[in-house]
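Undergrad: I'll drop the sequence and a predicted model, then ask my questions.
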Amino acid sequence: MAKIGLFYGSTSGHTAKVAEAISAALGEKHEVTIINMEDISSLDDLLEYDNLILGSSTWGQGDLQNDWRDPFSEMDEADFSGKTVALFGAGDSEKHGEHFASAIGVLYNKLVERGAKVVGEVSADDYRFKSSLALKNGKFVGLAIDEINEPSKTKARIEAWARAIDDSFS
Ligand SMILES: Cc1cc2nc3c(=O)[nH]c(=O)nc-3n(C[C@H](O)[C@H](O)[C@H](O)COP(=O)(O)O)c2cc1C
C-alpha cells in the first residue's frame, strides 16, 4: 500500500470533485490523503510525500488556479527527485480551447525541471480543443477533465486514469 498525498486547487469545485473521485477510484489499495491547496501552510506539506497526485484547474489564460500561486513559486527551491507525481485538472475545451487545461502543463514543466518523475499521460484523441500547454508529443501529461462541456465523460476518464496510474506508486 502506497501513501499518496493528493493536493488540489479548485475555485468552483470541479477539480475538488474530481479529486474525490480519483481517490475513490484508486480504492483501498493505497492510502490517499486529500488536501485542498488553500489549507496548506507551505510547499513543505507536499514534500512530506514521495507519492503525489496534484490537481489544478486552469484560469486566466492558461494559468494555475489561485491557491497554487505561492507554493508554485516555492518550487524553484525544491527538490522533487525521487518523487512520483501524477497530474490532473479541470478546464473548458470550448470557451478556453486555446489554453485547455494548460495548468497541468505549467505544473508538469516545473516538476520535471525540479527532478520529479511524472506519470499518467493520457491520449488526446478523445478531446476537442485548439491548444494546450499540457500537450506533449500528442498526449496530455495528465488527466484533463471538462466538466463544462463533457461531464458525461468524466467518470470513465477518471476510472481509466486511476487504473493506469495504480501501479506507478510504491
Ligand atoms: C475567467 C476564466 C478563465 C478561464 N481560463 C481557462 C483556461 O485558460 N483554460 C481552461 O481550460 N479553462 C479555463 N477556464 C475554465 C475553468 O478552468 C473551468 O470552469 C473549470 O471547471 C474550473 O474548475 P474548478 O472549479 O476546479 O476551479 C476559465 C474560466 C473562467 C471563468
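TA: Perfect, thanks for sending it.
Undergrad: which residues touch S132?
TA: Contacts for S132 (C-beta atoms under 8 Å, 6 or more residues apart in numbering) come out as 62, 91, 99-102, 104-105, 140, 144. Using the backbone N, CA and C atoms, a C-beta is placed for each residue, glycine as well.
Undergrad: Take those residues and keep only those in strands.
TA: Secondary structure from DSSP state E places 140, 144 of the contacts of S132 in strands.
Undergrad: what about G142, neighbour count?
TA: 29 (other C-beta atoms under 10 Å).
Undergrad: Now the protein against the ligand: closest residue?
TA: Here the chain gets closest to the ligand at one residue, G91, 2.4 Å apart by C-beta to the nearest ligand atom.
Undergrad: residues contacting S81?
TA: S81 touches 114-116, counting by C-beta under 8 Å, 6+ apart.
Undergrad: any idea how far the residue of the chain closest to the ligand lies from D126?
TA: Using C-beta to C-beta, to the nearest Å, G91 is found at 14 Å from D126.
Undergrad: between those two, who's got more neighbours?
TA: Neighbours per residue, other C-beta under 10 Å: of G91 and D126, the larger number sits with G91, 31 against 12.
Undergrad: Quick check: the more buried one touching I145?
TA: Yes - assessed by C-beta atoms under 8 Å, G91 is found in contact with I145 at 7.5 Å.
Undergrad: Between the two, which contacts overlap?
TA: Common neighbours of G91 and I145 (C-beta under 8 Å, 6+ apart) are A101.
Undergrad: got a pLDDT number for the residue of the chain closest to the ligand?
TA: Per-residue pLDDT puts G91 at 98.
Undergrad: show me what contacts the closest residue to it other than its chain neighbours?
TA: Excluding the flanking residues, the one nearest G91 by C-beta to C-beta, 6 or more residues apart in numbering is A101, at 3.6 Å. Going by C-beta under 8 Å, 6+ apart, A101 touches 58, 89-91, 93, 132, 134, 140, 142, 144-146.
Undergrad: Noted, bye for now.
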